[in-house]
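**Q** let's see this in three dimensions:
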Amino acid sequence: MKASSSTAGAGAAAYDGIDSRSAAAVMQAAADIALVIDAGGIVRDVLVGIGAPPIGETRKWLGREWVQVVTAQSRPKVREMIQEVAVSGVSCTRQVDHPSAAGPEVPVSYTAVRLGPSGNFVALGRDCRALAQLRQGLIEAQQAMERDYRRMRQAETRYRLLLQLSAEALLLVDAASRKIVDANPAAGRLFNIPVKRLVGKSFPIELDRASGRALKQLLARIGSSGRADDIRVRLTNRGRDCVLGATLVREDAGAFFLVRMAPAGRGQAADFAGGSRLLDAMEAAPDGFVLADGAGRILRANRAFLDLAELVSEEPARGRSLDRWLGRPGADFGVLLATLEEHGAARLFTTSMRGEHGAGAEVEVSAVLVSAGAESCIGLTIRDVGRRIASAPQGVRDLTAAVEQLTGLVGRVALGDLVRDTIDLVERHFIEAALKVTDDNRTAAAAMLGVSRQSLYVKLRRYQLDSDDSAESPAPAAPARR
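**A** Coordinates of the predicted model:
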């Protein structure tokens, strides 16, 4: 290379005494990898940067053309850099990929610089694997955000559709401020007020004093216990009675009342028309919907649920217990029923579906318990989440890390001991997972694992997972035998 005018004089003396060994040290410090290449494009030396990760079997590159140690897609870039360095003495930076027998291709960003009049040049490279992983993570995060946004839009569309089709007047009221947050067209017709003007008004509206007091008591009971029977109220604008019911809906840190109002004594024809449209919407919904009695026996199910259960029609499902298809045997469905009995609702309950012909799917369940006098029923929505992009559960990462630690003992511990320790580690992990899923119900955990209770108790004592022992001295992850 030609020295600039600033270094052509006295400054050039600063480069005197730099030999090949010093130049090599500079290259190793400045780059992850440096290739010394002659005028014919042959690799004459390979210098790996200090502390740089291995890029491949670089010693096999010696004596070979530079274009032969990169992938076929990268060869045009290498030829362009060789031409540029021959003309101008330095090339533009380009990313090329090196094949690797141990895994995926290794991306490296190279800049070529001519060394002197002999035509030899050096290609200084930076390992781009970390950057490639960051880019891949960014792409996956963007895809996940797009999927979440699409699901939110679909949920909002279904919500708006149900509001529009409902023959009952529906009002969403903020529990703290008592302001109407949303309303459907039927509510506008009932109060003879446009929907846009209803939103933002204080609730209740158009009710006489006695009805207002009864409504306040109703909302107070719902806020404390989560449920209350419907009441009869009178509208002052039309002088007619209505049946009013409400449900408490919690969302993030806030709470809302979903208020339902319908004229009292209306004809069966109006009831049938509104109910028919609502059932049609539920039947066409893309998520599974099931109506079951208090014991979990199916009363109605839509097409999406039948597809998950691999059933041709609704008839084989009616009267059967939902746990035949939903949840892991002996665990999930009982936990879901207990949650509904205690809280009245369950959201985003993660479990699985089992089809009649062996197909399975990971699902999320949201359910509500509705009481009507002495009888009660359960409404469940079931969403297939098997295609979601998600990272591995924490337990899987912990197990993987423990196995990697055991792998580090290869060569220092006999193979038989390593195999036994790995089996113990995996067995302990799955026992702990079963106990966690069943809320420490050992009978249900034994059924889930397919072992007898006596066998489970023996393993609990062996791994010091018994409550009496583990409380005193928690057991470490099975160490390798030395």
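
**Q** drop to CA atoms for contacts and neighbour counts, all remaining ones
**A** OK.

**Q** just for the chain, where's the confidence low?
**A** 1-20, 226, 238, 265-280, 329-331, 372-375, 387-406, 408-413, 467-482 (pLDDT under 70).

**Q** now the element after the strand ranked longest in it, going C-ward?
**A** If you go by DSSP state E, the chain has its longest strand at strand 360-372. Using DSSP states H and E, the helix or strand that follows strand 360-372 in sequence is strand 375-384.

**Q** mind checking which helix or strand the residue lying closest to Arg303 once chain neighbours are set aside is in?
**A** The shortest distance from Arg303 to any non-neighbouring residue, by C-alpha to C-alpha, 6 or more residues apart in numbering, is to Glu283 (6.1 Å). Using DSSP H and E, the element containing Glu283 is helix 268-284.

**Q** buried sites along stretch 58-69?
**A** The neighbour-count check on stretch 58-69 (16 or more other C-alpha atoms under 10 Å) flags 61-62, 65-67, 69 as buried.

**Q** and the angle from the strand or helix carrying Ala292 to strand 360-372?
**A** Using DSSP H and E, Ala292 maps to strand 288-293. Interaxial angle, strand 288-293 versus strand 360-372 (axes from the mean of the first three to the mean of the last three C-alpha atoms, to 10 degrees): 40 degrees.

**Q** for strand 288-293, which strands pair with it and how are they oriented?
**A** strand 298-301 (antiparallel), strand 375-384 (antiparallel) (DSSP bridges).

**Q** in the stretch 1-150 of the chain, which spans are helices?
**A** 20-30, 75-88, 129-165 (DSSP state H, counting those that start in this stretch).

**Q** just put the ones you listed in JSON lines and tack on distance to Arg197 and mean neighbour count.
**A** As requested, those are exported to JSON lines (distance: least, C-alpha to C-alpha, whole Å; neighbours: other C-alpha atoms under 10 Å):
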{"stretch": "helix 20-30", "distance to Arg197": "69", "mean neighbour count": "14"}
{"stretch": "helix 75-88", "distance to Arg197": "65", "mean neighbour count": "17"}
{"stretch": "helix 129-165", "distance to Arg197": "17", "mean neighbour count": "13"}
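
**Q** Throw those into CSV and include distance to Pro53, thanks.
**A** Formatted as CSV, those follow (distance: least, C-alpha to C-alpha, whole Å):
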stretch, distance to Pro53
helix 20-30, 13
helix 75-88, 22
helix 129-165, 10
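
**Q** quick one: which of those helices is nearest Phe289?
**A** helix 129-165 (13.2 Å; C-alpha to C-alpha).

**Q** CA atoms only for the helix or strand just after the closest one, dumped as PDB, please.
**A** Downstream of helix 129-165, the first helix or strand assigned by DSSP H and E is strand 169-174. Output of strand 169-174 as PDB, limited to C-alpha atoms (Å, rounded to 0.1, in the frame of the first residue of the first chain):
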ATOM      1  CA  ALA A 169     -79.100  -5.000  25.600                       C
ATOM      2  CA  LEU A 170     -75.500  -5.400  26.700                       C
ATOM      3  CA  LEU A 171     -73.500  -2.700  28.600                       C
ATOM      4  CA  LEU A 172     -69.900  -2.900  29.700                       C
ATOM      5  CA  VAL A 173     -69.600  -0.700  32.800                       C
ATOM      6  CA  ASP A 174     -66.400   0.200  34.600                       C
END
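
**Q** how distant is strand 169-174 from the center of its chain?
**A** 32 Å (C-alpha atoms, centre = their mean, to the nearest Å).

**Q** which helices and strands does that strand pack with?
**A** strand 180-183, helix 185-191, strand 254-263 (3 or more C-alpha pairs under 8 Å, 6 or more residues apart in numbering; DSSP states H and E).

**Q** format the ones you listed as a markdown table; extra columns: distance to Ala169 and mean neighbour count.
**A** Listed next are those as a markdown table, based on distance: least, C-alpha to C-alpha, whole Å; neighbours: other C-alpha under 10 Å:
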| stretch | distance to Ala169 | mean neighbour count |
| --- | --- | --- |
| strand 180-183 | 8 | 20 |
| helix 185-191 | 4 | 18 |
| strand 254-263 | 5 | 19 |
